[in-house]
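# sequence below, structure please.
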Amino acid sequence: MATKENGVIELAASPASLPLEKQLRLAIDTIPGLVWTARPDGHIDFLNQRWLEYTGLTLEQATGCGWEVAVHPEDLPDLVAYWRSVLAAGMPGETEARLRRFDGEYCWFLFRGVPLYDEEGHLVKWYVQTTDIEDRKRAEALLTGEKQLLEMVARGRSLHDVLTALCGFLEATAPGSRCSILLYDPERKRLHSIAAPSLPASYTDFVNENGDCYDGPCGVAARSSEQIIAADIESDARWSRSAWRAVALANGLRACWSTPIRSIEGKVLGTFAVSFFEPGRPTEYHQSLIDQFTDLASIAIERSLKEEELCRSEAYLAEAQRLSQTGSFSWHPSSGEIVWSEQTYRIYEIDPSVKPTLELVRELVHPEDRLVFTQVVARAMTDGADLSFEHRLLLPSGAVKHLHVVARSQRDAAGRPIEFVGAVRDVTDLKLREVALNRVRAELAHVARVSTVGALTASIAHEVNQPLSGIVTNASVCVRSLSARPPDLSAATEAAKRTIRDANRAADVVTRLRALFRRKEVAQEPLDLNDAIREVLALATSEIQRSKTILRTSFDDVPRVIGDRTQIQQVILNLALNALEAMHGAAQGRRELVIETRPVGDDVRVDVHDTGKGLELENLERVFDPFFTTKNGGMGMGLSVSRSIIESHRGRLWAEPSTGAGTTFTFTLPRARVA
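Below you'll find the model as predicted:
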């Protein structure tokens, strides 16, 4: 005889001593599954011991149709209908339904029935096994819920909707629970409720009103970044002085499990709280749910924060583009598709509803720049090189805009351009300011050139007087030779030739002076610096000789530079005259003016050395400030204008102590590019 205690079958005799029928019944009762049999008409005539223990029913209560009371009311109609269809077909079948446990909790089971036929083909019995699939159904439900929540996130549903759905789903998965999610502001160190679908409003209002000093489990979890379990709110001493405790108990809450929601970097984003109306600690199942849903909440919150940040960035970018008059664009050469930002439409003065095309842009390009624009685009489509060029627009209103376009290409594995992403900037105002600045710079340069006349007066007089004296002398010789009897034609001819020579010398001096001191527009042209320096030294020869200064030059074979010849010569002349004046007090024989040129990388360098007393270290940079001078009676404009000229030619001008005595003024100019 068998007895049962705590689910364990105990036998009064060994199984082998029992009759075969009892042995079979014993085996069915002890297998770890719920088994029952039915007659051909579906009448339940046997249920094993496991089935009876699980449901809490007796065999008398469960046989026939009595078993139906253990099926969930929502599942019973479908289960009965399916069971009848299986009986009618006489074929195996299986379905799912929830079965009530002896303690009243429903769990999912798989019902699988198989018919037994005799040798003559008559159905004699049905055998049904009921298998617990609660874990599988939970896993499927969680997977479905997770998928739905992630779809809500991907579709851009509001954070409130996503987190409210998350709370509702966990409440459905863990009966009796009440869920809430609080967001944490790390700057203000404040919590506020964003989702609490089943909690009383008085409870969430308290949290929001006391978010900066919230002393409940969620507040502690946010500050400590650790899970806080309040298993029994009423008896837990940690909350005895907490204002939250009174509010929670007043709303019937007896347990609260709060878990911090962390970002990928580990920063606390908020808290996920599960509350109950009865005391208790989380089971392993509860903890797995909390971990899973906390991760989902983290994904949703981080996605929302990134979208907010992106929206702010886009707003800042749009405002920055508007203020800087810079628009962005993308261009796909293969399809011709062009995408413009809002500011780019403004720059081209085109309605945003119009689809931009390459042909549309080309029509707006100034006719004089259209060929260059076409060549740049064609080259970009061929070799995929990055773009950087300027051109003008001629708008229908007649206005002209100067644009600077830069773009970086993205290429495929074969090196073909896939897409160009770049920016277009309206530089019209900049161009107009450059024109005005060049005009002012030219005026200032002219003033500075004229100011050097006083320093060169003696040299000019000497240079001009010499040929003039020669002209007078040679003219007198010519007159005497022609007045002789007979006239000395040979002597007269030689005297006339010398007169022409001296006149040309005087004319050359005047031409060089006029070129140096006249006003004219800046002319950018290839320039040989060595020749330009020689012309300047020719003008200053008399001044160099008068100051008893030794001139030394060292001219390397340097490439040409691009610039305005007159302005560059003005800089050289100013540096040379400053060097001569700096050596005014030096002993005779120690006054040396050394001018050198040499190539340095992509630049041409010019050094002007003197052997004077030199400049104080603190004045090496100040001498380039307007109106700062170390000379008696100086205006303090020469070096300032000189630096402005060199910088306008994309070069540099600076001063440093010479090796030994004196100062070296150096400037560099970029070499001319070969087209």
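# residue 384 is in contact with residue 415, correct?
Yes: with contact defined as CB atoms under 8 Å, residue 415 reaches residue 384; the gap is 6.5 Å. To be clear about C-beta, it is placed using only N, CA and C from the backbone, and glycine gets the same treatment.
# for the two, indicate the residue with more neighbours.
Using other CB atoms under 10 Å, the more surrounded residue of residue 415 and residue 384 is residue 384, with 18 against 9.
# my read is that the more buried one contacts residue 407, right?
No: assessed by CB under 8 Å, residue 384 is found out of contact with residue 407, at 10.7 Å.
# intersection of neighbour lists for these two?
Between them, residue 384 and residue 407 share no contacting residue under CB atoms under 8 Å, 6 or more residues apart in numbering.
# can I see the domain layout of this protein?
Domain assignment for the chain by automatic domain parsing gives 31-132, 138-309, 325-426, 449-670.
# might you report the residue contacts of the closest residue in space to residue 82 that isn't next to it in sequence?
Take residue 82 and drop its neighbours on the chain: the residue closest to it by CB to CB, 6 or more residues apart in numbering is residue 95, 4.8 Å away. Shown in contact with residue 95 (CB under 8 Å, 6+ apart): 78-79, 82, 110-111.
# hmm, back to that, turn the domains of the chain into a markdown table, including distance to residue 435 and mean pLDDT.
Shown next, in a markdown table, are the domains of the chain (distance: least, CB to CB, whole Å; pLDDT from 0 to 100):
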| stretch | distance to residue 435 | mean pLDDT |
| --- | --- | --- |
| domain 31-132 | 83 | 89 |
| domain 138-309 | 42 | 86 |
| domain 325-426 | 11 | 86 |
| domain 449-670 | 10 | 78 |
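# all helices for the stretch 51-200 of the chain, in order.
Using DSSP state H, counting those that start in this stretch, the helices of the stretch 51-200 of the chain run over 59-62, 76-89, 134-154, 159-173.
# pick the most buried one from those helices.
helix 159-173 (a mean of 20; mean count of other CB atoms under 10 Å).
# what's the angle from that helix to helix 134-154?
170 degrees (axes from the mean of the first three to the mean of the last three CA atoms, to 10 degrees).
# ok, residues contacting helix 159-173?
Taking CB under 8 Å, 6+ apart as the rule, helix 159-173 contacts 138, 141-142, 145, 148-149, 152-153, 177-181, 194-198, 274, 289, 293, 296-297, 300-301, 304.
# the same query, at a cut-off of 6 Å, please.
With CB atoms under 6 Å, 6 or more residues apart in numbering as the contact definition, helix 159-173 has outside contacts at 145, 149, 152-153, 177, 179, 181, 194-195, 197-198, 293, 296, 300, 304.
# write a ChimeraX command that selects only the buried members of those.
Filtering these down to the buried ones (16 or more other CB atoms under 10 Å) takes a single ChimeraX command:
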select :145,149,152,153,177,179,181,194,195,293,296,300,304
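# for residue 471, state which of the contacts of helix 159-173 is nearest.
Among the contacts of helix 159-173, residue 304 lies closest to residue 471 (CB to CB), at 93.6 Å.
# now the closest one: how far from residue 159?
Computed as CB to CB, to the nearest Å, the residue 304 to residue 159 distance reads 4 Å.
# element containing the residue with the largest distance to the centre of the chain?
Most distant from the centre of the chain: residue 485, at 98.8 Å, with distances by CA atoms, centre = their mean. Taking DSSP states H and E as the definition, residue 485 sits outside all helices and strands.
# how close does the closest residue to residue 238 other than its chain neighbours sit to residue 289?
Once flanking residues are discounted, residue 238 sits nearest to residue 230: 7.3 Å by CB to CB, 6+ apart. For residue 230, the distance to residue 289 (CB to CB) stands at 18 Å.
# neighbour count winner among those two?
Neighbours per residue, other CB under 10 Å: of residue 230 and residue 289, the larger number sits with residue 230, 26 against 21.
# show me what contacts residue 225?
Applying CB under 6 Å, 6+ apart, the residues near residue 225 are 260, 268.
# need phi/psi at it.
phi 60, psi 40 (degrees, to the nearest 10).
# who does the residue nearest to residue 238 bridge with?
In this entry, residue 230 is beta-bridged to residue 256, by DSSP bridges.
# what of residue 406?
Bridge pairing for residue 406 - DSSP bridges - gives residue 388, residue 423.
# quick check: the gap between it and residue 386.
Residue 406 is 8 Å from residue 386, by CB to CB.
# likewise residue 86?
73 Å.
# hmm, back to that, and residue 406 and residue 386? Which one has more around it.
residue 406 (15 against 12).
# the more buried one against residue 422, yeah?
Yes: the criterion here is CB atoms under 6 Å, and residue 406 meets it with residue 422 at 5.3 Å.
# switch the domains of the chain over to a markdown table; also include distance to residue 433.
Shown next, in a markdown table, are the domains of the chain (distance: least, CB to CB, whole Å):
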| stretch | distance to residue 433 |
| --- | --- |
| domain 31-132 | 78 |
| domain 138-309 | 36 |
| domain 325-426 | 11 |
| domain 449-670 | 13 |
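# out of those, which is closest to residue 432?
domain 325-426 (8.5 Å).
# wait, which of the helices of the stretch 51-200 of the chain is closest to residue 260?
helix 159-173 (15.0 Å).
# contact partners for the residue nearest to residue 610 when sequence neighbours are not counted?
Spatial nearest neighbour of residue 610, chain neighbours left out: residue 579 (3.7 Å); criterion: CB to CB, 6+ apart. Residues in contact with residue 579, defined by CB under 6 Å, 6+ apart, are 593, 608, 610.
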